[in-house]
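Engineer: what follows is a predicted protein model with its sequence.
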Amino acid sequence: RAQGGLEASFLSPAEQQQREEEEEEGERGWSQSLRNTPTPSFKDSSGPTRKMPPTSSAMDFFQLFVPDNVLKNMVIQTNMYAKKYQERFGSDEAWMDVNLIEIKAFLAYMISTSTHHCESVLSIWSSGFYSNKSIALIMTQARFEKILKYFHIVAFRSSQTTHGLYKIQPFLDSLQHSFDSAFKPSQTQVRFDFCVVGNLTPFFKTLKHSMNQQENLICKG
């Protein structure tokens with residue numbers, strides 16, 4: 001200790017302060033010295049948690065993540081909203097309560113627009129280039145528009161309007177649970193946590209700005 005005090009007497013105030021900071025960091029586990037840290041071995045199982053038979057359809061895989069109980073809730077909430085809406089704004093004679101089969105067809109129409117590109121989902125029933133007769137026969141355009149008008153996932157509550165995703169939050173929660181249950185990531189696969197999105201927003205903005213600057217430089221070059 002005396003030797004350390006003797007050495008310290010020959011240090012400048014700045015060097016002495018730096019040394020004290022390094023000692024404090026060392027006590028907390030931090031140091032400027034590089035050390036090899038062994039990586040913990042990954043021993044947990046990974047991959048799908050359920051083996052699907054070879055005869056499984058696309059719908060079977062879809063329902064691994066969106067089971068009937070989630071779809072039935074959409075049926076209930078849609079019918080409840082349609083009832084409340086008509087109590088307030090008047091009866092809609094063209095409306096009939098939606099059922100589970102129709103909700104599945106309705107969602108299939110919406111999902112199909114990601115693979116069958118068109119001007120709008122209503123183009124499916126048109127006679128033009130974007131028409132799709134194979135699925136247009138499943139449901140009429142008038143019925144689709146009615147379900148679209150009243151479609152709801154969660155009951156409206158004014159106290160929840162401050163949360164931007166409150167109208168679909170139960171569905172997102174269910175999806176997250178289904179994803180976690182159906183597949184276990186390996187050591188090299190990263191699970192994205194929606195809870196950290198808010199904390200990473202400044203980073204995404206900075207990254208986007210940096211990428212835009214690089215694109216501008218490339219274009220000018």
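Structural biologist: Nice, I can see it.
Engineer: average model confidence for stretch 50-66?
Structural biologist: The average pLDDT within stretch 50-66 is 89.
Engineer: mind listing residues that contact that stretch?
Structural biologist: Outside stretch 50-66, the residues within contact range by Cβ atoms under 8 Å, 6 or more residues apart in numbering are 107, 174-175, 178-179, 182. (Each C-beta comes from the backbone N, C-alpha and C, glycine too.)
Engineer: where does the prediction get shaky in this structure?
Structural biologist: Along the chain, the parts satisfying pLDDT under 70 run over 1-11, 24-32, 156-163, 189-221.
Engineer: strands along that one, start to end?
Structural biologist: Assigned by DSSP state E, the chain shows strands spanning 47-48, 183-184.
Engineer: in PyMOL, select just the buried ones from the contacts of stretch 50-66.
Structural biologist: Selection of the buried residues among these in PyMOL, burial being defined by 16 or more other Cβ atoms under 10 Å:
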select buried, resi 107+174+178
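Engineer: among the contacts of stretch 50-66, which are in helices?
Structural biologist: Among the contacts of stretch 50-66, the residues falling in helices (DSSP state H) are 107, 174-175, 178-179, 182.
Engineer: thinking again about what came up before, out of the strands of the chain, which is the most enclosed?
Structural biologist: Highest mean neighbour count of these: strand 183-184, a mean of 16 (counted as mean count of other Cβ atoms under 10 Å).
Engineer: TSV for the strands of the chain, including distance to residue 149?
Structural biologist: As requested, these are exported to TSV (distance: least, Cβ to Cβ, whole Å):
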stretch	distance to residue 149
strand 47-48	38
strand 183-184	36
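Engineer: thinking again about what came up before, closest to residue 73 among the contacts of stretch 50-66?
Structural biologist: Comparing the contacts of stretch 50-66 against residue 73 with Cβ to Cβ picks out residue 174 as the nearest, at 8.6 Å.
Engineer: tell me the contacts of the closest one?
Structural biologist: Residue 174 touches 66, 70, counting by Cβ under 8 Å, 6+ apart.
Engineer: could you count how many residues lie near residue 68?
Structural biologist: 12 (other Cβ atoms under 10 Å).
Engineer: find the nearest non-adjacent residue to it, please.
Structural biologist: Closest residue to residue 68 apart from its sequence neighbours, by Cβ to Cβ, 6 or more residues apart in numbering: residue 100 at 6.9 Å.
Engineer: can you get me a residue count around the one you found?
Structural biologist: Neighbours around residue 100, by other Cβ under 10 Å: 12.
Engineer: got it, and residue 16?
Structural biologist: Residue 16: 14 neighbours (other Cβ under 10 Å).
Engineer: many thanks, have a good one.
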